[in-house]
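[1] Next input, structure requested:
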Amino acid sequence: MTATPADYPIKRALLSVSDKAGLIELGQALGKHGVELVSTGGTAKALRDAGLTVMDISDLTGFPEMMDGRVKTLHPKVHGGLLAVRNNPEHVASMDEYQIGAIDLVVVNLYPFAATVAKGAEREEIIENIDIGGPSMVRSAAKNHESVAIVTDPADYARLIAEMDEKGGATSYDFRRMLAAKAYAATAAYDSMIASWFAFADQGVTFPETLAVASTLGTTLRYGENPHQSAALYLPTGPSANGIAQAKQIQGKELSYNNYNDADAALELVSEFRDGPPTVVIVKHANPCGVATGATLIEAYEAALACDSVSAFGGIIAVNRPLDGPTAEAISGIFTEVVAAPDADDAARAIFAKKKNLRLLLTGDLPDPARPGLQLKTIAGGVLVQSRDNGRISRDALKVVTKREPTEQELADCLFAWTVAKHVKSNAIVYAKGGSTAGVGAGQMNRLESARIAAWKAKDAAEKAGWSEPRTIGSAVASDAFFPFADGLLAAVEAGATAVIQPGGSIRDDEVIAAADEAGLAMVFTGMRHFRH
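    All right, here's what the predicted structure looks like:
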């Protein structure tokens, strides 16, 4: 049985960091333990400026830093000092013969490749920010973690200092092993960012031969969709759109897996209206149950709530404007799990503060619904990858296929219903009127049932609100995919719809168009469908 490696004292450390945060405090702490500091370029200067004694890497290797710093740590006196197995006689003999001193600690953080890409740098600058020597040292030190400590995260400086203080300048094997695991994860994530940039940005490939995806743990969650499932939130390591994962939680309980999933659905939909009038989206189980625009945010909220006040109980709300006091007061009238907004004024925050369990998330700018990107879904034995559904239809792209053309109001209602239907689980049917959903039918196995359910919900909403008729009367209806038969369209006619928007493309389009003409409907084809499974 192999004995657990012993604690190893740190006598020499090599420091080379692009992020200088915490560097001086670390250098001072190492100095107190009598550690010899070896460093490169700007790191060495920063340490010297703080009054610390530092050996330049060129003095260690006997070679100057050359080729604009590309070649400075790629040397046997560096990697030999890192990789040598300390209790191997042959390794020790080689170190003696070639005057290679052991290096017990490496502190490295890599060139800021992701930040360089994110700022829109030119290709030459991006290439220069691909670190070579840093990852090489990290991997060498991590491989030899039996005796070498490798620190790649400035957040671990304090842990390193505490470890050395506790162990009289040494580190334990368990600590070094933990650092090695983090180090390999860091280089893997770094390489994945570079590979992704080359594939997507530089080469313009949609689906590269190897899909390198890296992310870091944001937080563990209480459980997944159900209590017997574990769950966590991971954040992308490279440039990405900000969304619910980056939102600032102002108050409320810890977000659950389902909260994140539902809030993301709400934010993605409300972002479709980020340049539009005040808009409110209410989501339940990742499906919108009420969406409305209005002259004010509270007007939009009241219209969205009226669509399906039953489903809104315990729902998720997203708005496209900073949240104000009157709207927050109205939202507080029913139990709401999460509210997501670009911002919130003091009055809104004070009102929500009285609801200790309600989570208020501030997202800042809303994500661009037209942004590119990939969506991943795991299946048994593989991963399905597709581009984001960022397709959008303009009024000019619509094709009128019926004898009657839609009115301006019907066109507006069609486009509103179509935008919402894009975010409803298939089969999706959405009735809309006057900038508000009238009824939503989601996730049914056939389109006819979705049309009927949406109409039934509209009748139920009218009864609860005391209206004389449901809002489906005179509405537009959107179908996320074509009507395979006329029956779904006839159900919409029965509900009172006067205009229809659908992709078209069925072998029975003529039959469906004829039914629309007979009923006096106006119908437009988009030529695009929006399945969401």
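[2] tell me the contacts of M523?
    400-402, 499-502, 512-513, 516 (C-beta atoms under 8 Å, 6 or more residues apart in numbering). The way it works is simple: take the backbone N, C-alpha and C, and place the C-beta from them, glycine included.
[3] brain fart, T402
    Contact partners of T402, counting by C-beta under 8 Å, 6+ apart, are 513, 516-517, 521-523.
[4] The residue nearest to it when sequence neighbours are not counted bridge partners, please.
    Nearest in space to T402, with sequence neighbours left out and distances taken as C-beta to C-beta, 6 or more residues apart in numbering, is M523 at 4.5 Å. For M523, the beta-bridge assignment (DSSP bridges) gives partners V500.
[5] What separation do you get for M523 and V205?
    39 Å (C-beta to C-beta, to the nearest Å).
[6] Then A412?
    39 Å.
[7] likewise F483?
    For F483 relative to V205 (C-beta to C-beta), the value is 37 Å.
[8] Quick one, grab the pLDDT at the closest residue in space to F175 that isn't next to it in sequence.
    Computed as C-beta to C-beta, 6+ apart, the closest residue to F175 that is not its neighbour in sequence is E163, at 5.3 Å. We have a pLDDT of 96 for E163.
[9] Convert the C-alpha atoms of the helix or strand encompassing E163 to PDB, please.
    If you go by DSSP states H and E, E163 is part of helix 157-166. Output in PDB follows, covering the C-alpha atoms of helix 157-166 (Å, rounded to 0.1, in the frame of the first residue of the first chain):
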ATOM      1  CA  TYR A 157      -4.100  33.000  -2.000                       C
ATOM      2  CA  ALA A 158      -5.700  33.300   1.400                       C
ATOM      3  CA  ARG A 159      -6.100  29.500   1.700                       C
ATOM      4  CA  LEU A 160      -2.500  29.000   0.700                       C
ATOM      5  CA  ILE A 161      -1.300  31.500   3.300                       C
ATOM      6  CA  ALA A 162      -3.400  29.900   6.000                       C
ATOM      7  CA  GLU A 163      -2.100  26.400   5.000                       C
ATOM      8  CA  MET A 164       1.500  27.500   5.200                       C
ATOM      9  CA  ASP A 165       0.900  29.300   8.500                       C
ATOM     10  CA  GLU A 166      -0.700  26.200  10.000                       C
END
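[10] got the buried residues for that helix?
    157, 160-161, 163-164 (16 or more other C-beta atoms under 10 Å).
[11] Have a look at the protein and report its longest helix.
    helix 173-196 (DSSP state H).
[12] ok, back up a step: quick one: the helix holding E163 to helix 173-196, angle?
    160 degrees (axes from the mean of the first three to the mean of the last three C-alpha atoms, to 10 degrees).
[13] for helix 157-166, packing partners?
    Packing partners of helix 157-166 (3 or more C-beta pairs under 8 Å, 6 or more residues apart in numbering; DSSP states H and E): helix 23-32, strand 149-151, strand 170-171.
[14] who has more neighbours, F483 and V205?
    F483 (29 against 11; other C-beta atoms under 10 Å).
[15] after the longest helix of the chain, next one along is what?
    Downstream of helix 173-196 (by DSSP H and E), the next one is strand 215-221.
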